[in-house]
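In: Turn this into a model:
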Amino acid sequence: MGKKKSCQEVKVPRPLDAAETRLYGWVEEAVLTQPSVVESDSLPKFHRNFPLMEDLGAEGDYVLEAAGLSDRVPFRAGEDGPHFLWVYQELFTRLRMRLPFSDFQRDVMTRCRVAASQLHLNGWGFILAFEKVCLHYDFRPTIRLFFYIYDVHFPPGGYGYISFRARQDRKLFDSYKDSIQKFKWHYFKVLAAPDKRAFWLDHENKPFPWVYWNPEVKDFTVYNLEPLEMAALKFLVSLPSGLPKRNRFTCRFILDGSDAEVGKYLDKELLFFSSLFFCVGCC
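Out: Predicted coordinates:
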């Protein structure tokens, strides 16, 4: 009996043809040589254990499909094929992502002209943790506030995975994980079920700019905030430094912890800072 081949051995990189070179030649080679190791027979179990949709009743509106042997995550749908969305398993298993994307998440991707699958997992960690904390404290998460704290972090050469980096003296969270690479091998397609409309299509049935990889990712610098945004900023950036030797205010804790655990922790922080400001006012 011959030795069974691994997924990496089966899904070998191949040279791009002329059309693919025109479309994807700008993507760094490391991305174009990363096949997905997600197999079709593993997706039903994954989907049972990790719902994709915020509305569980909408799960049946979408189907999951493994990448083909020659597929790569920057590849877009063909001219005759239905538009699909590439996603990483770890978005749901680690970061507890739910679809469709919120208005804030879409605003970030649209403003930066970056695809959902073009964002590094740590980049998604910053977006999701920032949004979750803002909503917990009843601050409206805005791209102006987000990009006042973060700038776009381009990889060497600029054509690989995009992330974010805290601007000087404005650090809010530590990154989800210092070194996280395996997510790049675990991607699959999400497609609309027959007779269902995909949330990634506009009113003309064209894909939104954040559906497929884009060579022209843009940074967004905000120099001034509105008064309410500045008040939110002062509160948020005080959280990581409010107590000595703190190590819990991280993307990983905010996203991995249960809602009850994280909510209880954040409520303690609100009480702490409220009492601190009250005492300062009394003095």
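
In: got a pLDDT number for the residue positioned nearest the centre of the chain?
Out: In the chain, the C-alpha nearest the mean C-alpha coordinate belongs to Trp124, at 2.8 Å (Cα atoms, centre = their mean). Reading off the confidence values, Trp124 has pLDDT 96.

In: mind showing which ranges of the chain have poor pLDDT?
Out: For the chain, applying pLDDT under 70 flags the ranges 1-14, 240-248, 269-283.

In: rerun that using 80 as the cut-off
Out: Where the chain drops to pLDDT under 80, the residues are 1-16, 157-158, 169-171, 177-180, 237-250, 257-283.

In: ok, the nearest residue to Glu226 once chain neighbours are set aside - how many residues close by?
Out: Spatial nearest neighbour of Glu226, excluding adjacent residues (Cβ to Cβ, 6 or more residues apart in numbering): Arg144 at 7.5 Å. Placement of C-beta: from N, CA and C, glycine included. As a burial measure, Arg144 scores 14 neighbours (other Cβ atoms under 10 Å).

In: Send me stretch 21-29 as CSV with only the CA atoms.
Out: The C-alpha coordinates for stretch 21-29 follow below in CSV (Å, rounded to 0.1, in the frame of the first residue of the first chain):
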residue,chain,number,x,y,z
THR,A,21,-0.4,36.5,-13.7
ARG,A,22,-2.3,39.6,-14.9
LEU,A,23,-4.7,39.3,-12.0
TYR,A,24,-2.5,38.1,-9.2
GLY,A,25,1.1,38.7,-10.2
TRP,A,26,1.3,41.5,-7.6
VAL,A,27,0.6,39.1,-4.7
GLU,A,28,3.7,38.0,-2.8
GLU,A,29,4.8,34.4,-3.7
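
In: Would you pull up how far it lies from the middle of the chain?
Out: 22 Å (Cα atoms, centre = their mean, to the nearest Å).

In: Then stretch 258-269?
Out: 22 Å.

In: Also stretch 106-117?
Out: Worked out by Cα atoms, centre = their mean, stretch 106-117 lies 10 Å from the chain centre.

In: which residues are in contact with that stretch?
Out: Residues outside stretch 106-117 that contact it (Cβ atoms under 8 Å, 6 or more residues apart in numbering): 73-74, 85-88, 101, 119, 127, 142-143, 146-147, 152, 162, 187, 208-214, 216-220.

In: Now, of those, which are buried?
Out: 73-74, 85-88, 101, 119, 127, 142-143, 146-147, 152, 162, 187, 208-214, 217, 220 (16 or more other Cβ atoms under 10 Å).

In: Verify the stated contact: the residue nearest to Glu226 with Thr221.
Out: No - applying Cβ atoms under 8 Å, one finds Arg144 not in contact with Thr221, separated by 10.5 Å.

In: Tally up the residues packed near Arg106, please.
Out: Neighbours around Arg106, by other Cβ under 10 Å: 18.

In: Now stretch 92-105: buried residues?
Out: For stretch 92-105, by 16+ other Cβ under 10 Å, it's Phe92, Arg94, Leu95, Met97, Arg98, Leu99, Pro100, Phe101, Ser102, Phe104, Gln105.

In: Would you tell me what the next helix or strand after whichever helix or strand the last one is part of is?
Out: Gln105 belongs to helix 103-112 when elements are defined using DSSP states H and E. Counting by DSSP H and E, the next helix or strand C-terminal to helix 103-112 is helix 121-136.
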